[in-house]
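[1] Show me how the following folds:
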Amino acid sequence: MGLFDSKESKEKKSHFKNMISLAMIDGDYDESEHSFLVDRGMVWGLTRKEVDAVLKDPQKIKFVVPDNPDKCIAQLYDLIVMMLADGVIQQDEMDFVQTLATRMGFRPSDVPRMLEGIIEQARENQKPDIDANEFLNS
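    Predicted structure coming up:
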């Protein structure tokens, strides 16, 4: 996890780490979740070596806020899709995603409403169509 990683690479690794953290929240991290995460990491352009390194020691990865609000929404959407995979959104999972949304710069008072919109779109297998700027701290 190189000192000379690009901003984009750091962003991808940060998102990957967040996905790992979400998968582990319920304490039931299994082979299917592992395979899903490996596949996702590689689809996002991480090498297998990078994927393995993040999986081995996710604490080494620093949180990176995406460089535009639409990327933030896309990352939140990915997390919500993962939460919905088992059909149940647990409160600790939702708390984690709300915390990330706030760290991304969205107003804490508006985060629940914003996430509900993303959840609705994810349940309908629609790509996120949320105006991120409506929810950003100014």
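
[2] Buried residues, the longest helix along the chain. List them.
    Using DSSP state H, we find that the single longest helix of the chain is helix 7-25. Residues of helix 7-25 classed as buried by neighbour count (16 or more other CB atoms under 10 Å): 9-20, 22-23. Glycine gets a C-beta too; all of them are placed from N, C-alpha and C.

[3] do stretch 81-100 as well
    Residues 81, 82, 83, 93, 96, 97, 98, 100 are the ones in stretch 81-100 that count as buried (16+ other CB under 10 Å).

[4] Pick out the most distant pair among these.
    81 and 98 (16.1 Å; CB to CB).

[5] so where's this structure uncertain?
    Per-residue confidence for the chain (pLDDT under 70) gives these ranges: 1-4, 138.

[6] tell me the helices in it, going along the chain?
    So, for the chain - with DSSP H - the helices run 7-25, 31-43, 48-56, 69-84, 91-103, 111-123.

[7] which residues sit against the fifth one?
    Contacts made with helix 91-103 from outside it, assessed by CB atoms under 8 Å, 6 or more residues apart in numbering, are listed as 18, 21-22, 25-26, 63, 65, 72, 75-76, 79-80, 83, 108, 111-112, 114-115.

[8] Any chance of a ChimeraX selection covering the buried ones in these?
    Buried residues among the contacts of helix 91-103 (16+ other CB under 10 Å), as a ChimeraX selection:
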select :18,22,72,75,76,79,80,83,111,114,115
